[in-house]
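Asks: sequence and predicted structure, then a few things I'm wondering about:
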Amino acid sequence: MTDLETPRLVLHPMTPAEAERVAAGSPPAGARWAPGYPSPGERGAAARHLATCLATGDPSPFGSYEIRLRADGVVIGGIGFHAAPDERRSVTIGYGLVESARGQGYASEALRALLRFAREQGVVRVRGDADTGNIASQRVMAAAGMRLVDEDASLKYYLAEWTA
């Protein structure tokens with residue numbers, strides 16, 4: 001699986017070995033991880049990626065990706081699919097950035113690239129959610145073209161949908 005590139009970012013698909021290091025929070029020698037990476041959410045996503053690899057094999061291209069700055073290769077967060085598309089060609093996504101990288105449009109740029117990629121792979125529906133108090137994440141999904149479709153006491157649910 002090759003990297004997905006945007007003007008400022010590289011979305012690098014995680015190998016099982018990379019996911020092991022992220023899950024453990026142990027950077028390999030020479031790694032360029034921004035302070036605060038990996039967050040607890042990124043560690044959890046890497047652990048889920050590893051569990052999927054063990055249970056059913058590498059889920060690429062529907063796995064986890066590191067978000068790296070193109071300029072210097074520093075890992076500033078992660079983005080990815082929770083699982084391969086279901087029978088309705090639907091996926092769920094998640095993402096996160098280290099605090100120092102927030103507010104610069106990186107999350108929206110990464111999410112737009114992942115949505116475009118999902119559509120190119122035949123996905124017709126992408127779901128995401130954000131805590132009701134996480135206005136920044138809600139704005140990211142809206143900026144990437146997802147629309148608010150539901151909410152409950154704790155979450156707001158977003159959707160991007162295309163015709164087949």
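Replies: Right, received. Where do you want to start?
Asks: spell out the secondary structure type for residue 94.
Replies: Using DSSP: H, G, I helix; E, B strand; the rest coil, the structure places residue 94 in strand.
Asks: thought residue 127 was touching it, still the case?
Replies: No - Residue 94 lies out of contact with residue 127 (CB atoms under 8 Å); the separation is 10.1 Å. C-betas here are computed from N, CA, C, even on glycine.
Asks: mind naming the longest helix for the protein?
Replies: Ranked by residue count and defined by DSSP state H, the top helix of the chain is helix 40-56.
Asks: so for it, what gets flagged as buried?
Replies: Within helix 40-56, the residues that qualify as buried are 42-43, 45-50, 52-53, counting by 16 or more other CB atoms under 10 Å.
Asks: and the helices in this protein?
Replies: For the chain, the helices defined by DSSP H cover 16-24, 40-56, 106-120, 135-143.
Asks: of those helices, which is nearest residue 70?
Replies: helix 106-120 (10.6 Å; CB to CB).
Asks: using PDB, write out every CA atom in the closest one.
Replies: The C-alpha coordinates for helix 106-120 follow below in PDB (Å, rounded to 0.1, in the frame of the first residue of the first chain):
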ATOM      1  CA  TYR A 106      -4.300  19.500   9.000                       C
ATOM      2  CA  ALA A 107      -7.200  17.300  10.200                       C
ATOM      3  CA  SER A 108      -9.600  18.600   7.500                       C
ATOM      4  CA  GLU A 109      -6.900  18.100   4.800                       C
ATOM      5  CA  ALA A 110      -6.200  14.600   6.000                       C
ATOM      6  CA  LEU A 111      -9.900  13.700   6.200                       C
ATOM      7  CA  ARG A 112     -10.700  15.100   2.700                       C
ATOM      8  CA  ALA A 113      -7.900  12.900   1.400                       C
ATOM      9  CA  LEU A 114      -9.200   9.800   3.200                       C
ATOM     10  CA  LEU A 115     -12.800  10.500   2.000                       C
ATOM     11  CA  ARG A 116     -11.500  10.800  -1.600                       C
ATOM     12  CA  PHE A 117      -9.600   7.600  -1.300                       C
ATOM     13  CA  ALA A 118     -12.600   5.800   0.200                       C
ATOM     14  CA  ARG A 119     -14.700   6.900  -2.700                       C
ATOM     15  CA  GLU A 120     -12.100   5.700  -5.200                       C
END
